[in-house]
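Would you be able to build a 3D model of this:
(4 chains)
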Protein chains: 4
Amino acid sequence: MRHEPNGLQAPDRPWRSRLHEVIFEADTFAGKAFDLILILSIALSVLAVVLDSVASVHARWGDELLIAEWAFTVLFSIEYALRIVSVRKPFRYVWSFFGMVDLLAILPTYISLVVPGSQYLLVIRVLRVLRIFRVLKLANYLNEARQLTAAMRSSRRKITVFLFTVLTLVVVLGSLMYMIEGEESGFTSIPQSVYWAIVTLTTVGYGDISPITPLGKALAAVVMILGYGIIAVPTGIVTVELSRASAGRISTQACELCGAEGHDSDAAYCKHCGARL
Amino acid sequence: MRHEPNGLQAPDRPWRSRLHEVIFEADTFAGKAFDLILILSIALSVLAVVLDSVASVHARWGDELLIAEWAFTVLFSIEYALRIVSVRKPFRYVWSFFGMVDLLAILPTYISLVVPGSQYLLVIRVLRVLRIFRVLKLANYLNEARQLTAAMRSSRRKITVFLFTVLTLVVVLGSLMYMIEGEESGFTSIPQSVYWAIVTLTTVGYGDISPITPLGKALAAVVMILGYGIIAVPTGIVTVELSRASAGRISTQACELCGAEGHDSDAAYCKHCGARL
Amino acid sequence: MRHEPNGLQAPDRPWRSRLHEVIFEADTFAGKAFDLILILSIALSVLAVVLDSVASVHARWGDELLIAEWAFTVLFSIEYALRIVSVRKPFRYVWSFFGMVDLLAILPTYISLVVPGSQYLLVIRVLRVLRIFRVLKLANYLNEARQLTAAMRSSRRKITVFLFTVLTLVVVLGSLMYMIEGEESGFTSIPQSVYWAIVTLTTVGYGDISPITPLGKALAAVVMILGYGIIAVPTGIVTVELSRASAGRISTQACELCGAEGHDSDAAYCKHCGARL
Amino acid sequence: MRHEPNGLQAPDRPWRSRLHEVIFEADTFAGKAFDLILILSIALSVLAVVLDSVASVHARWGDELLIAEWAFTVLFSIEYALRIVSVRKPFRYVWSFFGMVDLLAILPTYISLVVPGSQYLLVIRVLRVLRIFRVLKLANYLNEARQLTAAMRSSRRKITVFLFTVLTLVVVLGSLMYMIEGEESGFTSIPQSVYWAIVTLTTVGYGDISPITPLGKALAAVVMILGYGIIAVPTGIVTVELSRASAGRISTQACELCGAEGHDSDAAYCKHCGARL
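Next up is the predicted model:
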């Protein structure tokens, strides 16, 4: 999103491009200072929302926190407006991930005027803290994050298959358990039993619902060992992909002709349609 | 199961092969439409069974859901009959995985006339949803699923040895715990203690039974650390096999033009010079 | 332990070597039959011990199970005697892993005459079932088991370091928690708190003891995330070693001169002292 | 920290360097004996602190344990003084990891004169036991520990990104849950709900707080499956790094006699022809 100043754009350079540099970039002193203050404000505003939810704090500092919340919201609203103004393609920004987060970070306060309680949604602001990686110019961190994301993306399909299988499994196992245990043990309905199956398969094991009959316990044991075993699958998938990403084999480039992804980093031509990358 | 039309088979082509194409394949428009409607019906019918198990829903919509259940069952029964008719080797289909699932998806309703409550077995219908991978022609997903299955199959023996060892372990540990803790702590019998050992070793930890005596807690701590450690074994096994299966994606083909090797097995063009492979 | 029949041993071949063949080997029909009957007996005797611990079963079938227990014990005692007689180096057998297990499988019944309740130790018999791998000539399974064991052995040191660190960690964390939470929350002593730390770090989470104060919950959260993270370490260790064992890189050979292990499978000379392997 | 005796340092060699050899090194008999006695004392003193926290032991042996605690503290204080005296750069030692631990191992007893209860901090002494690796000259263990540490260090950034994402996630999920479930289910504040989110995401699952409403259970199920899945990430990261660290054990050296490559980095002789490397 960097400017490529040319004759036509020259007139609005003075203020718009400078504003853009301060708000969106972190290369200049002003840009860095702006971002650091912003992150600090975000952290403080999230802390205010979190603390306000504690009854004893709310009783003692409720009014102060309310003022702080509005102050931060007004501040972030101004910032949001400035971002829209300073960007050359406002819609692109508005619909981008951070554009959405920036909007969601101010909306709840206004909505809370109509729907009380919705101000807790403000914690979504915490997502804005993720900008920290850019601010601190943590290129290395960004690189690591990109490797993680790439590994996730290329294991996307395998994980979908895995999740689909797990979901099918918990529906079947939950229903079986509902028929075996019945309502006396807390398995009051199939959705409830599916919830139990998820709690057990993922080895969370709250213990709010647990089998009582011998047959139910036997099935539960099977579910546990299953869950203990199949956790190996996502782990194996991610490890293999990370190992590849780490070896630098897969680039994030997409073919311009056919749109295919997953090319090796040393590829010069698309392996699907033969177009130059 | 594709047709290889020849002179002898020609007579019954008109209706049987067309029916087969619609029901079993998903290449034509009719075939795709049929499969999509089928999957939607399956999802709806599973939802109906699941919702019917919730007491409040049953009280309010019980009759409607019963009618829906019978409607879906009749529909699926007709579909099952059509599948048998349209296939050239009916027995092969009947005994195949999906053939069994298709049958199990209608049986419980009929059985529930005799044995009340068995209709919840209908959730087995959810397995039919797995056809979705074929319908959407998600060849890539199928490929991933095949890799996962292959990795599972080739780690079959190692996992058997592992499971056998774990089962032996929980029997011994459970019995020890039964002798140490006794009935006061809830360890009322060896099967019960083995159940506890499984709950603990798999790190599920319901807390419905937990040791009270210091010696029992010490042994429990050993079981936990054991379980925490040996989860590494199935994970290691699957990762190694997945890594192999994944490595199998690189073909041994060399480009005829530039001689480069190391192409992915799904590559159609050389990634270095763009020539057809 | 196979016989190398020579002139001197010829006289006692008729009965001793034949007995050995039946009892210890599984190549002949008699040997196979003996082993299969043995494993069946073991499974039945373990089942008897397990069932006898269930109060309702004991009340109803107690006498029958007691008789069965003694019958199996006498049978296994005879078998144990025959094993000692048929083997050329009895002491070697007696002190071997299976020799110990075979003895432990009969001792508890005799001890229970003096110390009531000790008969539950009989479940140790379940370990004898591990002979099944030999009986069924599951050479492939044995091979897989050997790979697993080799991977375990070569990751022995890393796992020791890991366990040592974890144990140090839970002692420190448990003590901290004891000071923070105190006796009101169930953290009645440091050993108790260390037990809690193990329950939490291994992500078992019974919930029989859990923090109540905010500070305690904060520390607990740290322990959980720690446990969630460091499970990666044993998994990583075992995966790497399994990957090596699977690649066939490490042989189980030890140098005859310096006793060093961990040689590559293609090694012809000891890498530490240069002696021929 | 070994001495490089030269003319200027000669005068103080007699006692200081000898003291250093006994206290800091473990090559001589005196050095080994000193370290073994030290580790035994540490283990005993930690055991004393741990046992003293058990009410029944304190009631019976409280006075004896108090005397033991002071005896150990005086002993360790003398040892600490000797270490400072015997070292040529005392400040470097004082600020080193073990220097800090050595100080923290004696401070709590003195502080407990002013602040009762702080003596439990003495368990930090357990960290001193880590010296055992050096004492027993477990060079191999040190090597393994170094590999583990190296893997950890090089995966530091990826793990930071991962932890940051997880923390952001639990704040958002906890807040959502606070809004959905409310105070009746035990979700009394956002910090409390974040604690629940951590308990659930890490699959610990105490069950002290668990959702009651259907919507809350649905969200909890999502959190569980998320936690079950993303544990794959740290595992994958550490496995890849360990695999690299482990691969680093193969040196690039080639045998001068037979030219074979791929020797382990600890190899002294060629594994193919037995020649010195």
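
Run through the stretch 151-277 of chain A and note the low-pLDDT ranges.
A:246-277 (pLDDT under 70).

For it, which residues are neighbours of chain C?
A:203-207, A:235, A:239 (Cβ under 8 Å from any Cβ of the partner chain). Where C-beta positions appear, they are placed from N, C-alpha and C, glycine not excepted.

redo that, cut-off 7 Å
A:205, A:207, A:235, A:239 (Cβ under 7 Å from any Cβ of the partner chain).

which of those come close to chain B?
Checking these against chain B (Cβ under 7 Å from any Cβ), the matches are A:205, A:207, A:235, A:239.

Now restrict those to buried residues only.
Buried subset of those (neighbour count, 16 or more other Cβ atoms under 10 Å in any protein chain shown): A:205, A:207, A:235, A:239.

which pair in those spans the largest distance?
A:Gly207 and A:Thr239 (31.1 Å; Cβ to Cβ).

CSV for the residues of the stretch 151-277 of chain A next to chain C, including distance to chain D and secondary structure?
Listed next are these as CSV, based on distance: Cβ to the nearest Cβ, whole Å; DSSP: H, G, I helix; E, B strand; the rest coil:
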residue, distance to chain D, secondary structure
A:Gly205, 5, coil
A:Gly207, 4, coil
A:Thr235, 4, helix
A:Thr239, 4, helix
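
All the helices of chain A, residue numbers only.
A:18-24, A:29-52, A:55-86, A:90-95, A:97-104, A:107-111, A:132-135, A:139-154, A:156-181, A:190-201, A:214-230, A:232-246 (DSSP state H).

Pipe the ones you listed into TSV and attach distance to D:Val94 per row.
Below are the helices of chain A laid out as TSV (distance: least, Cβ to Cβ, whole Å):
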stretch	distance to D:Val94
helix A:18-24	47
helix A:29-52	35
helix A:55-86	41
helix A:90-95	54
helix A:97-104	48
helix A:107-111	52
helix A:132-135	35
helix A:139-154	33
helix A:156-181	51
helix A:190-201	51
helix A:214-230	47
helix A:232-246	40
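
How many residues are close by the nearest residue to A:Ser243 once chain neighbours are set aside?
In space, and not counting its chain neighbours, A:Ser243 is closest to D:Val240: 4.9 Å by Cβ to Cβ, 6 or more residues apart in numbering or on different chains. D:Val240 has 29 neighbours, counted by other Cβ atoms under 10 Å in any protein chain shown.

now D:Val240: how far from A:Phe162?
Between D:Val240 and A:Phe162 the computed distance is 20 Å (Cβ to Cβ, to the nearest Å).

How about A:Leu44?
40 Å.

Of the two, which one has the most company?
A:Phe162 (20 against 11).

Would you agree that one is in contact with A:Val233?
Yes - if you go by Cβ atoms under 7 Å, A:Phe162 and A:Val233 touch, sitting 5.4 Å apart.

show me the contacts for the residue in chain A positioned nearest to chain C.
Per Cβ to the nearest Cβ, A:Gly207 is where chain A lies closest to chain C, at 5.9 Å. The contact partners of A:Gly207, by Cβ atoms under 7 Å, 6 or more residues apart in numbering or on different chains, come to B:206-208, C:207, D:207.

again, only this time at 10 Å
A:199, B:199, B:204-210, C:205-208, D:205-208, D:210 (Cβ atoms under 10 Å, 6 or more residues apart in numbering or on different chains).

gap between it and A:Thr200?
10 Å.

Could you do A:Ile67 as well?
47 Å.

what's the answer for A:Ser56, then?
36 Å.

Of those two, which one has the most company?
Neighbours were counted for A:Ser56 and for A:Thr200 using other Cβ under 10 Å; A:Thr200 has more, 32 against 9.

Chain neighbours aside, what residue packs nearest to that one?
A:Val223 (4.9 Å).

count of residues packed around A:Pro116?
8.

contacting residues around it?
Taking Cβ under 10 Å, 6+ apart as the definition, A:Pro116 has no contacts.

wouldn't A:Leu38 be in contact with A:Leu82 here?
No - look at A:Leu38 against A:Leu82 with Cβ atoms under 10 Å: they stay out of range, at 11.3 Å.

Can you check which residues contact both of those two?
A:Ile23.

neighbour-wise, which of the two wins?
Taking neighbours as other Cβ under 10 Å, A:Leu38 and A:Leu82 compare with A:Leu38 leading, 19 against 14.

In stretch A:103-110, which residues are buried?
A:103, A:105-109.

what does stretch A:151-165 give?
A:151-152, A:154-155, A:157-159, A:161-162, A:164.

what's the closest of these to A:Glu184?
A:Phe164 (32.6 Å).

Excluding residues flanking it in the chain, which one is nearest the residue lying farthest from the centre of chain A?
In chain A, counting by Cα atoms, centre = their mean, A:Pro214 sits farthest out from the average C-alpha position, at 42.0 Å. Leaving aside its sequence neighbours, A:Pro214 sits nearest to B:Pro191 (Cβ to Cβ, 6+ apart; 6.9 Å).

In this structure A:Ile159 contacts A:Gly236, no?
No - contact criterion Cβ under 10 Å: A:Ile159 and A:Gly236 do not qualify, at 11.1 Å.

Quickly list what's touching both of these two.
In contact with both A:Ile159 and A:Gly236: D:Ala232, using Cβ under 10 Å, 6+ apart.

thinking A:Tyr178 is in contact with A:Thr188, fair?
Yes - applying Cβ under 10 Å as the test, A:Tyr178 and A:Thr188 come out as touching, 8.5 Å apart.

Give the residue from these two that has the larger number of neighbours.
Neighbours around A:Tyr178 and A:Thr188, counted as other Cβ under 10 Å, are more numerous at A:Tyr178. The numbers are 26 against 17.

who touches that one in this structure?
Here A:Tyr178 is in contact with A:185, A:187-194, A:196-197, B:50, B:53, B:117, B:120, B:123 (Cβ under 10 Å, 6+ apart).

now swap in A:Asp102 and tell me
A:76-77, A:79-80, A:83-84, A:93-94, A:96, A:125, A:127-128, A:131.

Kindly recompute the last result at 8 Å.
A:76, A:79-80, A:83, A:128 (Cβ atoms under 8 Å, 6 or more residues apart in numbering or on different chains).

How is chain A divided into domains?
A:14-137, A:144-244 (automatic domain parsing).

need the ones you listed in JSON lines with distance to B:Phe29, can you?
Listed next are the domains of chain A as JSON lines, based on distance: least, Cβ to Cβ, whole Å:
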{"stretch": "domain A:14-137", "distance to B:Phe29": "34"}
{"stretch": "domain A:144-244", "distance to B:Phe29": "26"}
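
Nice, that's everything, thank you.
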